[in-house]
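[1] fold the stuff below for me.
(one chain, ligands or ions: 1)
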Amino acid sequence: MTENRPMIPAYPALARDYDADFKVDVDYKAGLPDLQNGPASLIVGAHKPIQHVGISNFRLPIRYERRDGGDMTLETSVTGTVSLEADRKGINMSRIMRSFYEHAEKQFSLKVLEAALNDYQTDLDALDARILMRLSYPVRVDSLRSGLSGWQYYDIALEVAEQAGQRLRIVHFDYVYSSTCPCSLELSEHAREDRGRLATPHSQRSIARISVVMKGPEKIWFEDIVDLCRRAVPTETQVMVKREDEQAFAELNASNPIFVEDAVRAFAQQLMTDDRFGDFRIVASHQESLHSHDAVSVLTDGPTFAQHSLDPSLFAELRV
Ligand SMILES: Nc1nc2c(ncn2[C@@H]2O[C@H](COP(=O)(O)OP(=O)(O)OP(=O)(O)O)[C@@H](O)[C@H]2O)c(=O)[nH]1
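    You can find the predicted model right below:
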């Protein structure tokens with residue numbers, strides 16, 4: 001006896017070739033599912049506001065003005081996020097890029113970046129918004145004594161954020177330098193003077209990440225921050241080095257030995273003397289040639305960067 005099995009509709013024979021000629025018209029687009037703008041009933045999990053949602057690390061060429069005139073186009077990685085209220089399912093992700101692209105052709109300036117931020121708030125109907133741009137900025141640097149020069153690249157991030165009606169403009173700047181340990185220098189001299197023994201102090205490639213609020217409307221050139229770092233810690237790693245430069249570098253290190261504590265305080269002192277800068281945080285990592293670990297320090301000034309917990313990868317990602 002044949003059982004009454006429920007009729008299972010035959011699987012529709014679907015075309016499997018790509019229709020290159022198909023064109024989307026307004027009606028078709030209007031009929032497409034649009035879950036990110038769906039009802040709150042579609043929300044999965046807690047109906048909680050989200051502080052940052054968007055897309056990270058889309059890249060495009062941006063034109064930057066140089067302090068000495070001219071400009072250059074550099075690859076820039078952008079992360080754009082907005083806040084999302086508790087009763088909204090999602091954001092229109094593509095608008096994070098599309099809004100930014102509206103401004104990308106213009107020559108970069110913080111005003112351009114802030115105009116893109118304003119568009120985030122309107123195009124995505126968001127209370128808060130944030131854009132972070134990362135780039136590697138080349139500056140031609142002179143050798144210490146040989147008259148040569150070469151390109152030094154600085155990893156920089158620019159962050160503009162609107163949070164609870166407050167606008168923040170922050171520059172994050174990585175500065176790579178040599179740190180000669182002051183104690184090791186004294187111990188080396190002691191061995192030389194006291195026992196006639198040759199000894200060399202331990203010195204190592206080190207890095208400081210300087211994050212600082214740009215306060216006033218005044219323009220801050222990337223080159224201004226390079227100059228500030230060099231005033232704070234003159235022993236920047238070199239690019240083009242001949243023997244006379246190497247000897248100069250050895251003397252420069254002996255004249256500027258620094259503990260990791262000294263480094264953050266030296267940068268802080270320079271930042272405090274420039275009223276274009278507000279709150280700041282300096283993270284330094286001396287990747288010691290003496291130890292199998294790093295000497296690290298963090299110095300913050302003002303509420304912007306004051307935080308109880310430190311990002312677990314804070315020191316690990318500062319590698320040189
Ligand atoms: N909100 C959200 N969208 C996502 C995510 N992952 C992928 N998307 C997709 O991002 C795509 C582009 O989103 P939209 O910007 O809303 O695209 P759209 O609706 O055509 O853009 P508008 O015409 O401006 O509304 C959508 O197809 C989403 O499915 C995600 O995690 N969250």
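[2] which parts of this protein sit against the ligand?
    With C-beta under 6 Å from any ligand atom as the criterion, the chain meets the ligand at residues Asp34, Gln36, Gly90, Ile91, Asn92, Met93, Ser94, Arg95. To be clear about C-beta, it is placed using only N, CA and C from the backbone, and glycine gets the same treatment.
[3] if you set the cut-off to 8 Å instead, what comes out?
    Counting by C-beta under 8 Å from any ligand atom, the chain comes close to the ligand at 29, 32, 34-37, 53, 89-96, 98, 123.
[4] among the residues you listed, name the buried ones.
    Burial by neighbour count, judged by 16 or more other C-beta atoms under 10 Å, picks out Val53, Lys89, Ile91, Arg95, Ile96, Asp123 from these.
[5] which of the residues you listed sit farthest apart?
    Lys89 and Asp123 (17.2 Å; C-beta to C-beta).
[6] what about the strands in the stretch 151-300 of the chain?
    Here the stretch 151-300 of the chain has its strands, by DSSP state E, counting those that start in this stretch, at 166-180, 203-214, 277-286, 295-301.
[7] Thr180 contacts Ile258, correct?
    Yes: counting by C-beta atoms under 8 Å, Thr180 does reach Ile258; the two are 7.3 Å apart.
[8] quick check: neighbours shared by the two?
    Common contacts of Thr180 and Ile258 (C-beta atoms under 8 Å, 6 or more residues apart in numbering): Thr235.
[9] distance between the ends of stretch 268-287?
    21 Å (C-alpha to C-alpha, to the nearest Å).
[10] brain fart, stretch 281-301
    Stretch 281-301 end-to-end distance (C-alpha to C-alpha) = 6 Å.
[11] okay, buried residues for it please.
    By neighbour count with 16+ other C-beta under 10 Å, stretch 281-301 contains the buried residues 281-288, 294-301.
[12] pull the most distant pair out of these.
    Glu288 and Asp301, at 26.0 Å, using C-beta to C-beta across those.
[13] just give the nearest non-adjacent residue to Ser136, would you?
    Tyr153 (4.7 Å; C-beta to C-beta, 6 or more residues apart in numbering).
[14] ok, that neighbour - contacts?
    Ser136, Tyr137, Pro138, Val139.
[15] so the helix-or-strand element of the chain with minimal mean pLDDT versus strand 166-180, what angle?
    In the chain, the helix or strand scored least confidently by mean pLDDT, DSSP states H and E is helix 110-123, which has a mean of 88. For helix 110-123 against strand 166-180, the angle by axes from the mean of the first three to the mean of the last three C-alpha atoms, to 10 degrees is 130 degrees.
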